[in-house]
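Q: Let me see the structure of the following:
(chains A and B)
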2 protein chains.
Amino acid sequence: MEIVLLCVGKTDRTFWADATEEYAKRLKHYTKFSIHYLSDVKAHKKTAPTEIKNEEAKNILQKIKTGDVVYLLDEKGKSFTSITFSKKIEQHMVSGTHRIVFIIGGAYGFSDSLYQQFPLQICLSQMTFSHQMVRLFFCEQLYRAFTIINNHPYHNN
Amino acid sequence: MEIVLLCVGKTDRTFWADATEEYAKRLKHYTKFSIHYLSDVKAHKKTAPTEIKNEEAKNILQKIKTGDVVYLLDEKGKSFTSITFSKKIEQHMVSGTHRIVFIIGGAYGFSDSLYQQFPLQICLSQMTFSHQMVRLFFCEQLYRAFTIINNHPYHNN
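A: As a prediction, this is how the structure comes out:
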C-alpha cells in the first residue's frame, strides 16, 4: 500500500524539516511513503482567503489519482486515538487499498468543494497547531500506527 | 503570572530541544515562563510501572508550592480548542493566579495519587504522542494562547 502526505506550502524551518524527515524515513521500513509539498499560491495581502483556497484546491486535485482514498486533516474531522487510527490504516491494508492520500491544507483550511468531494476527515487535535507542526504530528502518528500494527515496541500505552 | 512546565525526563534530541526552546523564548515576551526537567527515575527492566510512577510523583510534588494551580497533561483530561484554552489562561490572569504548573508525566503517565490530588487535567489530543513532542506541542499552544489573548496575528483561525 502506498501512502502520500500532501502538504500545501513548504517547510522552511530546519528543525521541522529534520524531524518530519526522520519519521518519513522510519515509515519507509513499513510502507511506501512520500511527502509532496505544493507551492504556496501567489497571493497579495488583499487576496480573499476563498480565492486562495480555490487555487490551492486546483493544485491538490492535480495530485489525486482515480481510486485514491483521500483523507483531509481538519479540525472539524473525526478524532481518533492512536489505536483506532492504526486500525483504520490496517483495514485499508487488508481491504487492498492501493493508495491513501492524506492532505494538510494551507493557512485557511480547505475550499468548500474539497470538503464536499472528500468527506473522510481526520482531526489530530481540537487545538490549532502551526501547519509545520501538523505535518510532524501526522508523520509521527502514522509511524506509531505502523509500529502498533506490527507489534513493535514504540507505542507503550 | 508565572507559568512553569514540569516535565519528567530529559529532552535528548537536538531538534526537539531547539523547537521547544524557541517557543519558550517567545513566551517570555508575554509571561514569566520556564521549563523544568525532572531526571528519569532509576529503574531496571523489571521495575513495575506503578513503582516508577510513584517515584516520579515524589519528585513532582517537591516542585509544587502551596497556592500553585496545577494541571496534568493527560489523554484522559478535558479537550480544549486553542481559543477556549486561551480563555482559561486569561481567566487565571484576571483572577490573580500567582503560578500555574503544567505537568507532563513520564512514559507511563501519572500515579493514581497525582490524579487524585490534581483533578485539573488537559488533553492536547486523543492520540498518543512522544513525550518530547507533547512538550513542544504544549509550548506552541501556550504561546498561541498568549498571542490570542494579546490579539497578535499568529493565530489566524
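
Q: Surely residue A:148 is within a helix?
A: Yes: looking at residue A:148 with DSSP: H, G, I helix; E, B strand; the rest coil, it is inside a helix.

Q: need the contact list for it.
A: A:82, A:83, A:86, A:155 (CB atoms under 8 Å, 6 or more residues apart in numbering or on different chains). No exception for glycine: its C-beta is placed from N, CA and C like everyone else's.

Q: same question, residue A:80
A: A:88, A:122, B:126, B:127.

Q: What about these, which are in strands?
A: residue A:122 (DSSP state E).

Q: from the contacts of residue A:80, which ones fall inside helices?
A: Judged by DSSP state H, the subset of the contacts of residue A:80 located in helices is residue A:88.

Q: Do a quick rundown of the helices in chain A.
A: With DSSP H applied, chain A shows helices at A:14-27, A:49-62, A:82-94, A:112-117, A:131-149, listed in chain order.

Q: got the CA positions of the last one in PDB?
A: Extracted C-alpha coordinates of helix A:131-149, given in PDB (Å, rounded to 0.1, in the frame of the first residue of the first chain):
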ATOM      1  CA  HIS A 131       1.000  23.800   9.700                       C
ATOM      2  CA  GLN A 132       4.600  22.700  10.100                       C
ATOM      3  CA  MET A 133       3.700  21.100  13.400                       C
ATOM      4  CA  VAL A 134       0.700  19.300  12.000                       C
ATOM      5  CA  ARG A 135       2.900  17.700   9.400                       C
ATOM      6  CA  LEU A 136       5.300  16.500  12.000                       C
ATOM      7  CA  PHE A 137       2.500  15.300  14.300                       C
ATOM      8  CA  PHE A 138       0.900  13.400  11.500                       C
ATOM      9  CA  CYS A 139       4.100  11.600  10.400                       C
ATOM     10  CA  GLU A 140       4.800  10.600  14.000                       C
ATOM     11  CA  GLN A 141       1.300   9.300  14.300                       C
ATOM     12  CA  LEU A 142       1.400   7.400  11.100                       C
ATOM     13  CA  TYR A 143       4.700   5.900  12.100                       C
ATOM     14  CA  ARG A 144       3.200   5.000  15.500                       C
ATOM     15  CA  ALA A 145       0.200   3.300  13.700                       C
ATOM     16  CA  PHE A 146       2.600   1.000  11.800                       C
ATOM     17  CA  THR A 147       4.500   0.100  15.000                       C
ATOM     18  CA  ILE A 148       1.200  -0.800  16.600                       C
ATOM     19  CA  ILE A 149       0.100  -2.800  13.500                       C
END
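
Q: quick one: the nearest residue to residue A:75 once chain neighbours are set aside from residue A:81, how far?
A: Distance criterion CB to CB, 6 or more residues apart in numbering or on different chains; nearest residue to residue A:75, sequence neighbours excluded, is residue A:123 at 5.6 Å. According to CB to CB, to the nearest Å, residue A:123 stands 12 Å off from residue A:81.

Q: what number of residues lie near the residue nearest to residue A:75?
A: 18 (other CB atoms under 10 Å in any protein chain shown).

Q: Which positions are bridged to it in the beta structure?
A: On the basis of DSSP bridges, residue A:123 is bridged to residue A:79.

Q: For it, give me its contacts.
A: A:73, A:74, A:75, A:76, A:77, A:78, A:79.
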